[in-house]
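Enquirer: how would this look folded up:
(2 chains)
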There are 2 protein chains.
Amino acid sequence: MPTLPDSELWFSEVHDPAGTAQSWRLNAVRLDQRRTPYQHIEIFDTTTYGKLMSIDGCVMLTTRDNFLYHEMMTHPALFTHPNPENVVIIGGGDCGTLREVLKHNSISSVVQIDIDEQVTRLAELYFPELCDSNDDPRASLLFEDGLAWIRNAADSSADILIIDSTDPIGPAEGLFGPDFVQQCHRVLRDGGLLVQQSESPLVHQALIKGIRRNMGDAGFGDLRTLGFPQPCYPSGWWSVTLGVKGSHSLDTFRHHDARSKAFTTHYYTPEIHRGALCEPPFLEAALK
Amino acid sequence: MPTLPDSELWFSEVHDPAGTAQSWRLNAVRLDQRRTPYQHIEIFDTTTYGKLMSIDGCVMLTTRDNFLYHEMMTHPALFTHPNPENVVIIGGGDCGTLREVLKHNSISSVVQIDIDEQVTRLAELYFPELCDSNDDPRASLLFEDGLAWIRNAADSSADILIIDSTDPIGPAEGLFGPDFVQQCHRVLRDGGLLVQQSESPLVHQALIKGIRRNMGDAGFGDLRTLGFPQPCYPSGWWSVTLGVKGSHSLDTFRHHDARSKAFTTHYYTPEIHRGALCEPPFLEAALK
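Expert: Numbers count the residues shown, from 1 in each chain, chains lettered A, B, ... in the order given. Here you go, the predicted model:
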């Protein structure tokens, strides 16, 4: 049976319940690591994907392919909202989502709340390109509990809330629960958008269904799960689920603004946005 | 460093030069295998992806996710051609591509030419759902050399030629060469389409560039590389490259027919087709 050669260095992540594993060949044993009160963060140097950050053994991002996730966590929502000014990011400690949000000129404030400061400190060292907007005067980086933060946030104070969390086990578990989603609904203005990373369309359909049920129960109107390629995550295929507060439709977005945007994207285009809005039939059937 | 547990059975494929590996947990050591004059074909029983066929250690397909590849290798081309009647498939021994092509009522003949009969014999045993159109009177299954077949085929005798091959090493190498592509151009009618599996948009850009160069040199007009998720292949992200003979555009397709089609697809929709026609900026830049 074909196996991984013992003579080489590999970082492997077993995906359960997906029943698969993915491995990266390494240049060195490990570059860095921090054990924090919340989790174990490690940094590896892969031979072909650049740096790799893992948390508790799960790959969070690599240099080479994080653009896919960060662009799809931000631009579809930001080009759907008519005039996004105030954005909140829960999680997102690697700062890649923050960087993409700040590319939009309409933004006046972004608050990022990650429970673990060491994620950001390690990102600054090993993914500096993701942190190059951290000093933007519109950005506030807080290191505290996102669940507590949202409970204390004012009603109708945000245009977009982005849940850029780890998997729904460990410290991020509460970020997938109904209470948290209700708080998000309260904190959003009418027409505001909740954006949640929602794992693999192929292997995490029950989770996506749960996310959508919570959003619907909390009062979000139109819901949409957009798929995109993400090689470093289980199945290489990931998703983001959008919910809108009020009766607005997620079908329409500022196509012209997306077409004429003044900044660069590597994956996002308005055509890809429109294609992603159409859930493939197998997923539509599974989410019924 | 996280590794695969020795206590479990895994099938692993190392992807070079991608520098990654992917593994599936197995229920049993191996279900079946054939050593043929061309290659070593093996069948495994995974815990979550159904059956898995590998050739010379490379995963060809799994029960769970082959629908993505087979739908994207066929329906974009078949809904682009105004009236596809005669289709030729080079490779494709698992018969999944053949099955999708035969769903189109305009088809009067499909010839499938795979060099290795044992691929089809094993598919009949372990992927019977892909072979359920093999007895269709419009289908001819030949087991011979596709390179020789195409050299002997009549000028302007096919509407669509689908190159559903293994990787461009070993028996399939010639199917990626300029001579073969020129023969394909000769055999296609005006307005005909060449369809070639073209590997990962992320990790095989040089190969895609070569495929497109060969197609352009052979006289194909409009070219388009459509990406799609494919979990069982390196990076989980795959592509198909389309070329058209003549001055037709690949931008337009029979959107209404695709919308009102009488058969089921699990991934393909006209919206996904349109989204895939837009190459993401990083790929567009790499292919320049």
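Enquirer: mind listing the strands the helix or strand hosting A:Val195 pairs with, and their directions?
Expert: Here A:Val195 sits within strand A:188-197, counting by DSSP states H and E. Next to strand A:188-197 in the sheet, as set by DSSP bridges, lie strand A:158-164 (parallel), strand A:237-245 (antiparallel).
Enquirer: got the contact list for the next helix or strand after the longest one?
Expert: Scanning forward in sequence from strand A:237-245 by DSSP H and E, the next helix or strand is helix A:255-259. Judged by C-beta atoms under 8 Å, 6 or more residues apart in numbering or on different chains, the contacts made with helix A:255-259 from elsewhere in the structure are A:75, A:79, A:268-270, A:273-274. (C-beta placed from N, C-alpha, C; glycine too.)
Enquirer: so which bits of helix A:255-259 are buried?
Expert: A:Ala258 (16 or more other C-beta atoms under 10 Å in any protein chain shown).
Enquirer: just stretch A:178-190 next, same as before
Expert: Buried, per 16+ other C-beta under 10 Å, within stretch A:178-190: A:180-189.
Enquirer: with only the CA atoms kept, save that stretch in PDB.
Expert: Listed next in PDB are the C-alpha coordinates belonging to stretch A:178-190 (Å, rounded to 0.1, in the frame of the first residue of the first chain):
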ATOM      1  CA  PRO A 178     -27.400  30.000  18.600                       C
ATOM      2  CA  ASP A 179     -26.900  32.500  21.400                       C
ATOM      3  CA  PHE A 180     -23.900  34.100  19.700                       C
ATOM      4  CA  VAL A 181     -25.700  34.300  16.300                       C
ATOM      5  CA  GLN A 182     -28.600  36.000  18.000                       C
ATOM      6  CA  GLN A 183     -26.200  38.600  19.500                       C
ATOM      7  CA  CYS A 184     -24.700  39.100  16.100                       C
ATOM      8  CA  HIS A 185     -28.200  39.800  14.700                       C
ATOM      9  CA  ARG A 186     -28.800  42.400  17.400                       C
ATOM     10  CA  VAL A 187     -25.500  44.200  16.800                       C
ATOM     11  CA  LEU A 188     -26.000  44.500  13.000                       C
ATOM     12  CA  ARG A 189     -27.800  47.400  11.500                       C
ATOM     13  CA  ASP A 190     -30.700  46.700   9.200                       C
END
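Enquirer: report the distance from it to the chain centre.
Expert: With C-alpha atoms, centre = their mean, to the nearest Å as the basis, stretch A:178-190 stands 18 Å off its chain's centre.
Enquirer: same thing with stretch A:134-149?
Expert: Offset of stretch A:134-149 from its chain centre (C-alpha atoms, centre = their mean): 16 Å.
Enquirer: quick check: end-to-end length of that stretch?
Expert: 20 Å (C-alpha to C-alpha, to the nearest Å).
Enquirer: ok, stretch A:101-112 next?
Expert: 11 Å.
Enquirer: give the buried residues for that stretch.
Expert: Those would be A:101-104, A:107, A:110-112, for stretch A:101-112 by 16+ other C-beta under 10 Å.
Enquirer: same deal with stretch A:212-223?
Expert: For stretch A:212-223, by 16+ other C-beta under 10 Å, it's A:212, A:214-215, A:218, A:220, A:222-223.
Enquirer: could I get the CA-only coordinates of that stretch as PDB?
Expert: What follows is stretch A:212-223, C-alpha atoms only, in PDB (Å, rounded to 0.1, in the frame of the first residue of the first chain):
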ATOM      1  CA  ARG A 212     -28.000  28.200   8.500                       C
ATOM      2  CA  ARG A 213     -30.600  27.000  11.000                       C
ATOM      3  CA  ASN A 214     -29.100  29.200  13.700                       C
ATOM      4  CA  MET A 215     -29.000  32.100  11.300                       C
ATOM      5  CA  GLY A 216     -32.600  31.600  10.200                       C
ATOM      6  CA  ASP A 217     -33.800  31.200  13.900                       C
ATOM      7  CA  ALA A 218     -32.000  34.400  14.800                       C
ATOM      8  CA  GLY A 219     -34.000  36.300  12.200                       C
ATOM      9  CA  PHE A 220     -31.600  36.500   9.300                       C
ATOM     10  CA  GLY A 221     -33.500  36.700   6.000                       C
ATOM     11  CA  ASP A 222     -31.700  35.600   2.800                       C
ATOM     12  CA  LEU A 223     -28.900  33.000   3.400                       C
END
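Enquirer: need the residues that contact it.
Expert: With C-beta under 8 Å, 6+ apart, stretch A:212-223 has contacts from A:176-178, A:181-182, A:184-185, A:194, A:196, A:225, A:241-251, A:287.
Enquirer: so which residue is smack in the middle of chain A?
Expert: By C-alpha atoms, centre = their mean, chain A has its centre lying nearest to A:Asp164, at 3.6 Å.
Enquirer: which residues does that one bridge with?
Expert: Applying DSSP bridges to A:Asp164 gives these bridge partners: A:Gly91.
Enquirer: and which of the contacts of helix A:255-259 is nearest to A:Gly92?
Expert: For the contacts of helix A:255-259, the residue nearest A:Gly92 by C-beta to C-beta is A:His75; the value is 14.8 Å.
Enquirer: distance of that closest one from B:Ile272?
Expert: 19 Å (C-beta to C-beta, to the nearest Å).
Enquirer: helices of the stretch 51-200 of chain A, residue ranges please.
Expert: Here the stretch 51-200 of chain A has its helices, by DSSP state H, counting those that start in this stretch, at A:66-72, A:75-80, A:96-101, A:117-126, A:146-152, A:178-187.
Enquirer: wait, which of the ones you listed is closest to chain B?
Expert: Nearest to chain B, of all those, is helix A:66-72, at 7.3 Å by C-beta to the nearest C-beta.
Enquirer: so which bits of the closest one are buried?
Expert: Judged by neighbour count (16+ other C-beta under 10 Å), helix A:66-72 contains these buried residues: A:66-72.
Enquirer: quick one, longest helix in chain A?
Expert: In terms of residue count, the longest helix belonging to chain A (DSSP state H) is helix A:205-218.
Enquirer: now do that one and strand A:188-197, the angle between them.
Expert: Counting by axes from the mean of the first three to the mean of the last three C-alpha atoms, to 10 degrees, helix A:205-218 lies at 170 degrees to strand A:188-197.
Enquirer: can you give me how far helix A:205-218 is from the chain middle?
Expert: The answer for helix A:205-218 is 16 Å, by C-alpha atoms, centre = their mean.
Enquirer: continuing past it, what's the next helix or strand?
Expert: Beyond helix A:205-218 toward the C-terminal end (DSSP H and E), the next one is strand A:220-229.
Enquirer: work out the sheet partners of that next one and label each with its direction, please.
Expert: Counting by DSSP bridges, strand A:220-229 is paired with strand A:237-245 (antiparallel).
Enquirer: now the closest residue to A:Gly146 other than its chain neighbours: how far from chain B?
Expert: Using C-beta to C-beta, 6 or more residues apart in numbering or on different chains and skipping the chain neighbours, the partner closest in space to A:Gly146 is A:Ile90 (3.8 Å). Remark: distance between A:Ile90 and chain B (C-beta to the nearest C-beta, to the nearest Å) = 27 Å.
Enquirer: for ChimeraX, write a command that selects the buried ones of the contacts of stretch A:212-223.
Expert: Buried residues within the contacts of stretch A:212-223, by 16+ other C-beta under 10 Å, are selected in ChimeraX with:
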select /A:176,181,182,184,185,194,196,225,241,242,243,244,245,248,250,287
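Enquirer: coming back round to it: restrict the buried residues of stretch A:101-112 to those near chain B?
Expert: Checking the buried residues of stretch A:101-112 against chain B by C-beta under 8 Å from any C-beta of the partner chain, not one of them is in range.
Enquirer: low-confidence ranges, chain A, go.
Expert: Applying pLDDT under 70 to chain A picks out residues A:1, A:169-171.
Enquirer: outline the domain layout of it.
Expert: Domain segmentation of chain A under automatic domain parsing yields A:10-62, A:66-287.
Enquirer: is the first one positioned near chain B?
Expert: So the one you mean is domain A:10-62. Yes: legend: contact between domain A:10-62 and chain B by C-beta under 8 Å from any C-beta is shown at A:10-14, A:17-26, A:29-30, A:44, A:46-49, A:54, A:57.
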